[in-house]
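S.K.: Need coordinates for the following:
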Amino acid sequence: MSRSPLGKQVHTALVASGPEAALALAQEAGQPDLFQRVNAVATKSPVPSFLHSALCAMSLPVRRPTDQLAPIVRRDGQYTLAITPRPVLQADGTLLAPGVPYGALPRLILIHIMSEAVRSKSRQVALGATLTEWMRRMGYRTISYGPRGSATLISHQLDRLLACEWIIRWDGEAADGSKEFGIKEIKLSTEYVGSNGGSAGFNREIRLTEGFFDHLREHAVPLDENAIRQLRDSPTALDLYTWLAYRLPRINGRRPSMLSWQQLAVHFGNDGNNIRKFRQTVREAWDRQVSAVYPEARADFDATLIRLHASPAPLSRPLVKGATLTLVPPKENPLPAPDAPPTDADGTPARIIAALRAQLGVVEARLWLADARIEQQDGEWVLQLPSRFKADWVRSKLSNMLEHAAAVAWLDRALDVVVRPA
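M.R.: Numbering: from 1, shown residues only. Reported below is the predicted structural model:
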């Protein structure tokens with residue numbers, strides 16, 4: 001069984017033992033900033049942000065392409081996305097093609113613009129009176145100008161995004177077996193105004209095209225702004241987070257979805273020539289970044305295969321709010337009670353533990369059921385836990401699961417939870 005990712009371990013430690021234990025675990029792993037990342041998301045209510053599902057499933061280039069004017073083509077199942085850079089009319093009357101967007105900045109820009117459009121239910125997106133004001137709204141504390149300054153870089157990536165044309169193709173099969181397809185050609189915006197004063201030009205207002213806005217309203221994927229801010233310096237971590245936010249809530253809960261590293265590379269625009277390096281980069285992003293801000297996500301990124309398990313969306317509810325963990329009982333009980341009482345009384349403890357583990361999942365079962373015992377006291381079955389903290393928490397938060405576990409074992413009442421004698 002693969003170990004729980006480091007970010008989720010720190011998150012779990014924060015719940016079970018408090019900030020000091022979580023910080024100690026992060027420091028022991030050589031990742032002191034990991035605690036800050038976990039704490040920044042765990043102790044805040046989710047703030048809704050949005051991104052078009054096509055961009056969750058199919059990403060922009062991570063770094064500057066060799067040919068910046070070549071179209072970006074991505075495929076994900078039935079969908080194909082092509083992003084083509086187009087020339088822009090300059091003040092001197094010449095046409096200039098800025099090139100394709102790349103890196104973390106255009107990802108942040110797209111999330112911000114689409115979030116504003118979804119929240120306001122309007123195609124008109126006002127970025128700010130100045131570039132500095134807009135970047136403050138996006139969460140930047142330090143803003144620099146100059147050829148390599150953050151303000152200059154983000155302005156250039158915005159220009160690249162606005163100049164691109166987007167083509168989305170859908171291919172499917174009708175009920176009679178015939179092939180169906182649909183093609184939609186859109187631009188993010190064909191109207192934007194700004195100013196060229198100061199250190200850099202700035203597009204202050206953007207009007208999304210009607211086609212893009214309508215498509216966005218139907219295909220917006222909810223994200224957590226707190227998580228985005230913690231991942232904003234890593235394009236790979238942003239891609240992995242948005243991809244999981246799109247995929248995991250759509251997976252059938254009865255069985256995991258599996259894909260190869262080559263298939264994931266296609267989603268992320270990797271050419272497949274260096275799968276080992278790609279695999280290492282993604283696994284590190286999952287272990288130290290994405291699992292820290294999306295602890296509800298259930299995924300296994302092993303050396304040969306990727307397994308995705310049904311998981312709640314990032315905005316379903318915070319895993320930690322203050323210092324309280326909230327678990328969501330499954331919609332369907334994974335272990336139904338047998339039709340008749342079992343005749344093997346000695347198997348009762350095993351049936352109870354199996355029912356609890358099936359409902360909790362691997363990570364939470366490892367946390368709350370470690371060293372747990374099912375014993376009889378005064379003729380009644382009880383769940384013994386090693387500490388009063390765990391006993392009180394399980395008794396108060398997992399009452400529905402305890403009732404279900406008792407039903408699986410054909411007990412006439414729910415399990416009581418006690419502290420194991422020293």
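
S.K.: all contacts plus neighbour counts: C-alpha atoms, from now on.
M.R.: Noted.

S.K.: Low-confidence ranges, the stretch 51-200 of the chain, go.
M.R.: Along the stretch 51-200 of the chain, segments meeting pLDDT under 70 span 174-175, 184, 186-187, 190-200.

S.K.: same question but for the stretch 251-400 of the chain, I mixed them up
M.R.: Using pLDDT under 70, the flagged stretches of the stretch 251-400 of the chain are 271-273, 316-346, 361-364, 366-367, 388-389, 393, 396-397.

S.K.: how does it look with 50?
M.R.: 317-333 (pLDDT under 50).

S.K.: what about the helices in it?
M.R.: 261-267, 275-285, 291-293, 348-360, 362-368, 388-397, 399-408 (DSSP state H, counting those that start in this stretch).

S.K.: Dump these into JSON lines; add distance to residue 421 and mean neighbour count as well.
M.R.: Listed next are those as JSON lines, based on distance: least, CA to CA, whole Å; neighbours: other CA atoms under 10 Å:
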{"stretch": "helix 261-267", "distance to residue 421": "49", "mean neighbour count": "19"}
{"stretch": "helix 275-285", "distance to residue 421": "42", "mean neighbour count": "16"}
{"stretch": "helix 291-293", "distance to residue 421": "35", "mean neighbour count": "29"}
{"stretch": "helix 348-360", "distance to residue 421": "18", "mean neighbour count": "20"}
{"stretch": "helix 362-368", "distance to residue 421": "17", "mean neighbour count": "16"}
{"stretch": "helix 388-397", "distance to residue 421": "11", "mean neighbour count": "16"}
{"stretch": "helix 399-408", "distance to residue 421": "21", "mean neighbour count": "21"}
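
S.K.: Among those, single out whichever gets nearest to residue 119.
M.R.: Proximity to residue 119 (CA to CA) singles out helix 291-293 among the helices of the stretch 251-400 of the chain, at 22.2 Å.

S.K.: Tell me which other helices or strands the closest one touches.
M.R.: Helix 291-293 sits against helix 6-17, helix 32-42, with contacts defined as 3 or more CA pairs under 8 Å, 6 or more residues apart in numbering; DSSP states H and E.

S.K.: all helices of the stretch 101-250 of the chain, in order?
M.R.: 104-120, 131-137, 150-163, 210-219, 225-231, 235-247.

S.K.: Could you say which of those is packed most deeply?
M.R.: Counting by mean count of other CA atoms under 10 Å, helix 235-247 has the highest mean neighbour count of the helices of the stretch 101-250 of the chain, with a mean of 24.

S.K.: For that helix, output the C-alpha coordinates as PDB.
M.R.: Below are the C-alpha coordinates for helix 235-247, written out as PDB (Å, rounded to 0.1, in the frame of the first residue of the first chain):
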ATOM      1  CA  PRO A 235       2.600  25.700 -13.200                       C
ATOM      2  CA  THR A 236       2.800  21.900 -12.700                       C
ATOM      3  CA  ALA A 237       1.100  22.100  -9.300                       C
ATOM      4  CA  LEU A 238      -1.600  24.400 -10.700                       C
ATOM      5  CA  ASP A 239      -2.200  22.000 -13.500                       C
ATOM      6  CA  LEU A 240      -2.400  19.000 -11.200                       C
ATOM      7  CA  TYR A 241      -4.700  20.800  -8.800                       C
ATOM      8  CA  THR A 242      -7.200  22.000 -11.400                       C
ATOM      9  CA  TRP A 243      -7.100  18.600 -13.300                       C
ATOM     10  CA  LEU A 244      -7.900  16.700 -10.100                       C
ATOM     11  CA  ALA A 245     -10.600  19.200  -9.200                       C
ATOM     12  CA  TYR A 246     -12.200  18.500 -12.600                       C
ATOM     13  CA  ARG A 247     -11.700  14.700 -12.700                       C
END
